[in-house]
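**Student:** Pasting the sequence and the predicted coordinates here, then a few questions.
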Amino acid sequence: MKNIRLEVMEAIEPMIDTYMDEFLIPPDEIWQPSDFLPDSQSEGFFDAVEELRGEAQELGYDFWVTLVADTITEEALPTYESWLMDVEGINQQEGKNNGWSRWVRAWTAEENRHGDVLNKYLYLSGRVNMREVEISTQHLISDGFDIGTDRDPYKNFVYTTFQELATNISHKRVGKLARKKGNILLGKMCGIIAGDEMRHHLAYREFVKTILGHDPDGMVIAFAEMMKKKIVMPAHFLRESGGKIGEAFENFSNCAQRLGVYTAMDYIDILKKLNNYWQIDSLRSLSDEAEKARDYLMKLPDRLERIATRMRFPEDQYRFSWVQANGVL
Ligand SMILES: [Fe+2]
Ligand SMILES: [Fe+2]
């Protein structure tokens, strides 16, 4: 039996260089964490750190919990790279010319700066218990994740398209909250990370669009299957020291909901945007199964909206070991 997915991945592969030029920025040109952090070689380092710590005082408990969880999510990058390298059609073994593995490496290299800058910021801020944060990070990488995509490139690209936009939204909102409280530096950091996430989102969105041109049946069915399972966040196994797997994630999600950093409505908005950009509604000449998938996807936003309006989130703050409670939102 021929593997259509492998054929499609090979058919798109010659376009990887164009995608890299369009959606990624070479290491010598892109921003680096040091551009935003106090320069430890400069005379004014300690003054700059003091200023950074002063600005960090204004931000409250839910904010820090969200920023810590965002940081740990970024720090679990080894999980994401190794997962993507294992996807069908992405092959790092057969010569360096497999375009897809080059893409994954270059994407990883960009992503790596996110955890780097946020981790250093958290460390300097003096507002979080870094040892507890580090334990959670080690747990998360060790626990891995299961995002329900299997080794299927179609499902994985739906996932990454969705996820990159979700992180764009949450980093952008965290940055806005920081700026509102006078924390200009953190606002800039989150804003610039959000910009990276947007470029990545646009790239993965394009991959799916191209696959739709080659194999609309397979692609739309894979999209619907992902949405049926729900897109889980990459840190869904997040835990604290001594805690059970996934426990910290739920409490963090409640924080993010309360802050309005990432909500159920955002999930629905992303789905609508994807349906729209991929023109799911206008897919024609599909198999019966693919038609069902298309119709499911088109009806899903309304269904989810009805559910979302009924959802309630606990108002009381769970006490994380990462952040000293100070009661301020
Ligand atoms: Fe990121
Ligand atoms: Fe990302």
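**Tutor:** Yep, that arrived. Ligands and ions are numbered 1, 2, ... in the order given.
**Student:** When you work out contacts or count neighbours from here on, use the C-alpha atoms and nothing else.
**Tutor:** Will do.
**Student:** Now do the contacts for Leu304.
**Tutor:** Ile268 (C-alpha atoms under 8 Å, 6 or more residues apart in numbering).
**Student:** how about 10 Å then?
**Tutor:** Applying C-alpha atoms under 10 Å, 6 or more residues apart in numbering to Leu304 gives the contacts Ala264, Met265, Tyr267, Ile268.
**Student:** Equivalent analysis for Met85, please.
**Tutor:** Met85 is in contact with Asn91, Gln92, Gln93, Trp100, Ser101, Arg102, Val104, Arg105, Arg151, counting by C-alpha under 10 Å, 6+ apart.
**Student:** are any of the contacts of Leu304 buried, and which?
**Tutor:** Neighbour-count burial (16 or more other C-alpha atoms under 10 Å) applied to the contacts of Leu304 gives Met265, Tyr267, Ile268.
**Student:** Leaving out the residues flanking it, which one is nearest to the second one?
**Tutor:** Right, Tyr267. Leaving out its chain neighbours, the residue that sits closest to Tyr267 by C-alpha to C-alpha, 6 or more residues apart in numbering is Ala166, at 7.5 Å.
**Student:** sorry, back to before: tell me which of the buried ones among the contacts of Leu304 is nearest to ligand 2?
**Tutor:** Of all the buried ones among the contacts of Leu304, ligand 2 sits closest to Tyr267, with 15.9 Å by C-alpha to the ion.
**Student:** Now do the lengthiest helix in the chain: which elements does it pack against?
**Tutor:** As assigned by DSSP state H, the longest helix anywhere in the chain is helix 184-214. Judged by 3 or more C-alpha pairs under 10 Å, 6 or more residues apart in numbering; DSSP states H and E, helix 184-214 is in contact with helix 4-12, helix 16-23, helix 45-56, helix 99-125, helix 153-180, helix 216-229, helix 264-277.
**Student:** make it 6 Å
**Tutor:** Counting contacts by 3 or more C-alpha pairs under 6 Å, 6 or more residues apart in numbering; DSSP states H and E, helix 184-214 packs against helix 153-180.
**Student:** Leu37 in helix, strand or coil?
**Tutor:** Classification of Leu37 using DSSP: H, G, I helix; E, B strand; the rest coil returns coil.
**Student:** Any idea how far apart the tips of stretch 312-320 sit?
**Tutor:** 21 Å (C-alpha to C-alpha, to the nearest Å).
**Student:** Ramachandran angles for Val323?
**Tutor:** Val323 has phi and psi values of phi -130, psi 130 when expressed as degrees, to the nearest 10.
**Student:** From ligand 2, how far off is it?
**Tutor:** Val323 sits 24 Å away from ligand 2, going by C-alpha to the ion, to the nearest Å.
**Student:** residues from this protein in reach of ligand 2?
**Tutor:** Counting by C-alpha under 5 Å from the ion, the chain comes close to ligand 2 at Glu164, Glu197.
**Student:** mind running it again at 8 Å?
**Tutor:** Residues of the chain lying near ligand 2 by C-alpha under 8 Å from the ion: Glu74, Glu111, Thr160, Gln163, Glu164, Thr167, Asn168, Asp196, Glu197, His200, His201.
**Student:** Just the element for Ser82, please.
**Tutor:** helix 77-85 (DSSP states H and E).
**Student:** picking up where we left off before, out of the contacts of Met85, who's nearest Lys230?
**Tutor:** Among these, Arg151 lies closest to Lys230 (C-alpha to C-alpha), at 17.1 Å.
**Student:** who's in contact with that closest one?
**Tutor:** Val87, Glu88 (C-alpha atoms under 6 Å, 6 or more residues apart in numbering).
**Student:** what do you get for Gly99?
**Tutor:** So, once contact is read as C-alpha under 6 Å, 6+ apart, Gly99 ends up touching Glu13, Ile16.
**Student:** so the most far-flung residue of the chain relative to its centre, which of the three states?
**Tutor:** Distance to the chain centre peaks in the chain at Glu43, reaching 36.5 Å (criterion: C-alpha atoms, centre = their mean). With three-state DSSP as the basis, Glu43 sits in coil.
**Student:** Give me the pLDDT for it.
**Tutor:** On pLDDT, Glu43 comes in at 97.
**Student:** Where does the stretch 201-329 of the chain get nearest to ligand 2, which residue?
**Tutor:** Taking C-alpha to the ion, the stretch 201-329 of the chain has His201 as its residue nearest ligand 2, at 7.7 Å.
**Student:** my read: that residue touches Thr160, true?
**Tutor:** No - in this structure, His201 is not within contact of Thr160 by C-alpha atoms under 6 Å, at 7.2 Å.
**Student:** Among these two, which residue is more densely surrounded?
**Tutor:** Legend: neighbour count by other C-alpha atoms under 10 Å for His201 and Thr160, higher for His201 (23 against 20).
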